[in-house]
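In: Attaching a predicted model along with its sequence, questions to come.
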Amino acid sequence: MSSMSNATAIAHPNIALVKYWGNRDDRLRLPAMGSISVTLAALSTRTRVSFDGGDEDRLILNGQAASEEARQRTARLLDLVRGMAGARGGALVESVNDFPTAAGLASSASGFAALALAATRAAGLDLGPRELSILARQGSGSAARSVFGGYVEMHRGERSDGLDSFAEPLASESALPLEVLVAVTEEGPKERSSQDGMALGRASSPFWDAWVSGAEADVGRMRASILAGDLAQVGALAEESCLKMHAVMLSTRPALIYLREASVAVILRVRALRKEGLPAWITMDAGPQVKVLTSPDRSAEVVAAVEAVPGVLRLIRSGLGPGVALVARDRTA
Ligand code: DP6
């Protein structure tokens, strides 16, 4: 590898419709269950990796030196890339998000998908999409899905080396047009990483085994509903998967309570909107924001209703977006 190779990639976060919450192997981040997500067009992470031959990897996040924890997590992914490329020497990683970092908006998903592509290209490697998904998974479980656009399915896999644990495109937006509204209820960073939270859940939630054993059927039902273009079924299953995951979180010791007053208010409002005949369903991740799934042709009415809920700071509207892509490449051999 030259001492001047760099590459820049853009990736979009994704929102899981059937949630991933639990590993069968923590070190390789092998999921205990498959999951299904949509990639969001309106939000993005842009990451530039430059192998500059420094002693240590450096991480600049949104223009500032990142925490030591974030730097080490990045360095571990770069170690995998250096291993594959037979390369040495540190990298400078500069990453910019156009949305709040670590507030339940899946910045790790877009961040590690962009990092996996930019770092491998900067190192002179040209991985196929499947290998890229496997690499991104080792940085963040949900990042394996942000490699692809539209509707995406992550496979649990059976192997202990993780080579069958990757994401794949499931359907394009034309199979089922969807709009996602992110109701932002709090802007700060979250306290605990999802990986730590799910490990605690496995160790302490009395509902854990039921959660894991029900996941395969949930994935199968969701896949069939997406492919059938059945929005009502997709919405109902997504809301169900989210509420089941939060039941596991609430029954974890110590309890993981991501619901805020405003989150609960949005959930109740959306359920009331359905009674009024509007297509709207909620999902949430390990943070206070609520994502509302709706149909693009009815979204104006849903937007007006959700914006009016007390405690909603702002609404981000998104359609489905593309997978990770390279935006610039500069290898001076
Ligand atoms: C709740 O392991 O991908 O978003 O610790 O931030 O890397 P990080 O998260 P990750 O877990 C994501 C869990 C989830 C549900 C999901 O996206 O499937």
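Out: Received, thanks. What you see is a predicted model; the values in this text were computed from it and never measured. Numbering: from 1, shown residues only.
In: Which positions in the stretch 101-250 of the chain make contact with the ligand?
Out: Ala106, Ser108, Ala109, Ser140, Gly141, Ser142, Ser193, Ser194, Gln195 (CB under 6 Å from any ligand atom). In short, each C-beta sits where N, CA and C put it, glycine included.
In: Quick check: phi and psi at whichever residue of the stretch 151-300 of the chain sits closest to the ligand.
Out: With CB to the nearest ligand atom as the measure, Ser194 is the residue of the stretch 151-300 of the chain nearest to the ligand, at 3.3 Å. Note on Ser194: backbone dihedrals following degrees, to the nearest 10 are phi -60, psi -40.
In: same question, Pro279
Out: Dihedral angles (degrees, to the nearest 10) for Pro279: phi -80, psi 100.
In: Can you get me a residue count around the residue lying closest to it once chain neighbours are set aside?
Out: Distances taken as CB to CB, 6 or more residues apart in numbering place Ser295 nearest to Pro279, at 4.6 Å, with adjacent residues excluded. Ser295: 17 surrounding residues under other CB atoms under 10 Å.
In: same question, Arg253
Out: Using other CB under 10 Å, Arg253 has 11 other residues around it.
In: Which helix or which strand is home to it?
Out: For Arg253, there is no enclosing helix or strand under DSSP states H and E.
In: My read is that it contacts Ser204, right?
Out: Yes - with contacts counted by CB atoms under 8 Å, Arg253 reaches Ser204, the gap being 4.2 Å.
In: Just the CA coordinates for stretch 298-315, please, in CSV.
Out: Extracted C-alpha coordinates of stretch 298-315, given in CSV (Å, rounded to 0.1, in the frame of the first residue of the first chain):
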residue,chain,number,x,y,z
ARG,A,298,-50.9,9.9,2.9
SER,A,299,-47.7,11.2,4.6
ALA,A,300,-48.7,14.9,4.7
GLU,A,301,-51.6,14.1,7.1
VAL,A,302,-49.4,11.9,9.3
VAL,A,303,-46.6,14.6,9.3
ALA,A,304,-49.0,17.3,10.5
ALA,A,305,-50.4,15.0,13.3
VAL,A,306,-47.0,13.9,14.5
GLU,A,307,-45.4,17.3,14.4
ALA,A,308,-48.2,18.5,16.7
VAL,A,309,-47.4,16.0,19.4
PRO,A,310,-45.9,17.8,22.5
GLY,A,311,-42.2,17.1,22.9
VAL,A,312,-41.5,16.4,19.2
LEU,A,313,-38.6,18.8,18.4
ARG,A,314,-38.5,18.2,14.7
LEU,A,315,-39.4,15.6,12.0
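In: Quick check: the residue of the stretch 151-300 of the chain closest to the ligand vs Gly201, distance?
Out: Applying CB to CB, to the nearest Å, the value for Ser194 to Gly201 is 10 Å.
In: which residue packs closest to Leu273, ignoring adjacent ones?
Out: Distance criterion CB to CB, 6+ apart; nearest residue to Leu273, sequence neighbours excluded, is Ala280 at 4.7 Å.
In: who's in contact with the spatially closest residue to Glu158 that is not a sequence neighbour?
Out: Spatial nearest neighbour of Glu158, excluding adjacent residues (CB to CB, 6+ apart): Asp164 at 6.2 Å. Residues in contact with Asp164 (CB atoms under 8 Å, 6 or more residues apart in numbering) are His155, Gly157, Glu158.
In: Common neighbours of Ser194 and Gly201, please.
Out: Shared contacts of Ser194 and Gly201, defined by CB under 8 Å, 6+ apart, are found at Trp21.
In: give the contact list for Phe148.
Out: Per CB under 8 Å, 6+ apart, neighbours of Phe148: Thr39, Pro129, Ser133, Ala167, Glu168, Pro169, Gly323.
In: run the last query once more with 6 Å
Out: For Phe148, the contact set (CB atoms under 6 Å, 6 or more residues apart in numbering) comprises Ala167, Pro169, Gly323.
In: Now, those that are in strands?
Out: Taking DSSP state E as the definition of strands, the contacts of Phe148 contribute Ala167, Pro169.
In: export the contacts of Phe148 to CSV and tack on neighbour count?
Out: Shown next, in CSV, are those (neighbours: other CB atoms under 10 Å):
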residue, neighbour count
Ala167, 30
Pro169, 16
Gly323, 22
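In: Where do the helices of this structure begin and end?
Out: When assigned using DSSP state H, the helices of the chain occupy the ranges 68-85, 107-122, 129-137, 143-146, 194-204, 208-227, 231-250, 261-275, 299-307.
In: May I see the ones you listed organised as JSON lines, with distance to Lys291, mean pLDDT and mean neighbour count added?
Out: Converted to JSON lines, the helices of the chain look like this (distance: least, CB to CB, whole Å; pLDDT from 0 to 100; neighbours: other CB atoms under 10 Å):
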{"stretch": "helix 68-85", "distance to Lys291": "24", "mean pLDDT": "97", "mean neighbour count": "17"}
{"stretch": "helix 107-122", "distance to Lys291": "13", "mean pLDDT": "96", "mean neighbour count": "29"}
{"stretch": "helix 129-137", "distance to Lys291": "21", "mean pLDDT": "98", "mean neighbour count": "23"}
{"stretch": "helix 143-146", "distance to Lys291": "15", "mean pLDDT": "98", "mean neighbour count": "33"}
{"stretch": "helix 194-204", "distance to Lys291": "16", "mean pLDDT": "97", "mean neighbour count": "18"}
{"stretch": "helix 208-227", "distance to Lys291": "15", "mean pLDDT": "98", "mean neighbour count": "17"}
{"stretch": "helix 231-250", "distance to Lys291": "9", "mean pLDDT": "98", "mean neighbour count": "20"}
{"stretch": "helix 261-275", "distance to Lys291": "9", "mean pLDDT": "98", "mean neighbour count": "17"}
{"stretch": "helix 299-307", "distance to Lys291": "10", "mean pLDDT": "98", "mean neighbour count": "17"}
